[in-house]
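In: Predicted coordinates and the sequence they were generated for:
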Amino acid sequence: MKNDLNSLVSIVLPIYNGEKFMRQSIESVINQTYKNWELIIIDDCSSDNTPIIANEYVEKDNRIRYYRNETNLKLPRGLNRGFSLSKGKYLTWTSDDNMYLPNALEVMLNTLIENKVELVYASYDIIDENDKIIGETIAPEDSKRAILAWNCVGACFLYTRKVYEEIGEYNPDLFLVEDYEFWIRVCSKFEGIAIKEKLYKYRSHSNNLSSTAREGKIRRLGKEMLENNIYRFGRLDLKQKQNYYAQLSKLCDDKKEQKKYKRVLVLYRVLAKII
């Protein structure tokens, strides 16, 4: 237990033209109450001042490492490169426009160790471009059920190297839904613990990848990904079935198919009340 509480935490920071907010993101790592971490910055061919800013921090703190991709790899491959370079027993990643609260790593690591699990995920505030809180996400319990309804792990999490070694890398063919697919694989095999305390600030702004990407493509990829991975959960209980068909109906653009999913969903809700 004592050794685990002093173990190295590896944080991967993939970045592309992130000069606007990256200082806040990096400073939030430096200001952690838990000090045994490494920050691996993966620059995906930025054309702004990202390399200059990153190297400023590298010179100041030997826990920070900077790597620049020779070609633009996009997020999944960038994350895979970062984790392949990591040395920590515990792993996570963050974004250049988001920030940890000072006790984030300490709380997540303690929760993970005390509960003897492989994954923890925390609640967080949603902020705008001016750091104003405009919403929140509260981490839900029961990841094996919740993950079928939405990407419940969210933006603030910590997991063990065992997860990385057994689950594998992010799928580069699923750009835009690579994180959801990764957590589907993780949660189908490992139980996650939700932390109700808010430990992170997630920034929502006009340049977010999730805001600028075509929503139709995200829904299509998400639906295909969910259908292709549902087998991982084995025999579903009624709650899992409800969550699965509710999510399919949200992701489906075809009206006929959507109605079919909704009818099945109603059936399972009725069965849940009877049983």
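Out: Here it is on my side, so go on. Numbers count the residues shown, from 1 in each chain.
In: Can you verify residue 40 is assigned to a strand?
Out: Yes: counting by DSSP: H, G, I helix; E, B strand; the rest coil, one finds residue 40 located in a strand.
In: Confirm for me that it is in contact with residue 86.
Out: Yes: between residue 40 and residue 86 a contact is recorded at 6.1 Å, counting by CB atoms under 8 Å. C-beta: built from backbone N, CA, C; applies to glycine.
In: Need the residues touching each of the two.
Out: 10, 12 (CB atoms under 8 Å, 6 or more residues apart in numbering).
In: what about the strands in the stretch 101-250 of the chain?
Out: Ranges of strands within the stretch 101-250 of the chain are 119-127, 133-137, 157-160, 192-203, based on DSSP state E, counting those that start in this stretch.
In: Can you lay out those strands as a markdown table showing mean neighbour count and mean pLDDT?
Out: Shown next, in a markdown table, are those (neighbours: other CB atoms under 10 Å; pLDDT from 0 to 100):
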| stretch | mean neighbour count | mean pLDDT |
| --- | --- | --- |
| strand 119-127 | 23 | 98 |
| strand 133-137 | 13 | 98 |
| strand 157-160 | 23 | 98 |
| strand 192-203 | 20 | 98 |
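In: Dump those strands to JSON lines, plus distance to residue 241.
Out: Shown next, in JSON lines, are these (distance: least, CB to CB, whole Å):
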{"stretch": "strand 119-127", "distance to residue 241": "23"}
{"stretch": "strand 133-137", "distance to residue 241": "24"}
{"stretch": "strand 157-160", "distance to residue 241": "26"}
{"stretch": "strand 192-203", "distance to residue 241": "20"}
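In: between those strands, which gets nearest to residue 101?
Out: strand 192-203 (5.0 Å; CB to CB).
In: Enumerate the helices of the chain by residue range, in sequence order.
Out: 22-30, 50-60, 74-84, 104-115, 143-146, 161-167, 178-189, 209-212, 215-229, 238-251, 255-274 (DSSP state H).
In: Just the buried residues of the longest one, please?
Out: Going back to what we said before, that points to helix 255-274. By 16 or more other CB atoms under 10 Å, the buried positions in helix 255-274 come out as 261, 264, 265, 268.
In: and that helix, what does it pack onto?
Out: Helices and strands touching helix 255-274, by 3 or more CB pairs under 8 Å, 6 or more residues apart in numbering; DSSP states H and E, are helix 238-251.
In: Let me have the helices of the chain in JSON lines, adding distance to residue 136 as columns.
Out: JSON lines is the format used below for these (distance: least, CB to CB, whole Å):
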{"stretch": "helix 22-30", "distance to residue 136": "18"}
{"stretch": "helix 50-60", "distance to residue 136": "29"}
{"stretch": "helix 74-84", "distance to residue 136": "24"}
{"stretch": "helix 104-115", "distance to residue 136": "15"}
{"stretch": "helix 143-146", "distance to residue 136": "16"}
{"stretch": "helix 161-167", "distance to residue 136": "26"}
{"stretch": "helix 178-189", "distance to residue 136": "19"}
{"stretch": "helix 209-212", "distance to residue 136": "17"}
{"stretch": "helix 215-229", "distance to residue 136": "22"}
{"stretch": "helix 238-251", "distance to residue 136": "21"}
{"stretch": "helix 255-274", "distance to residue 136": "27"}
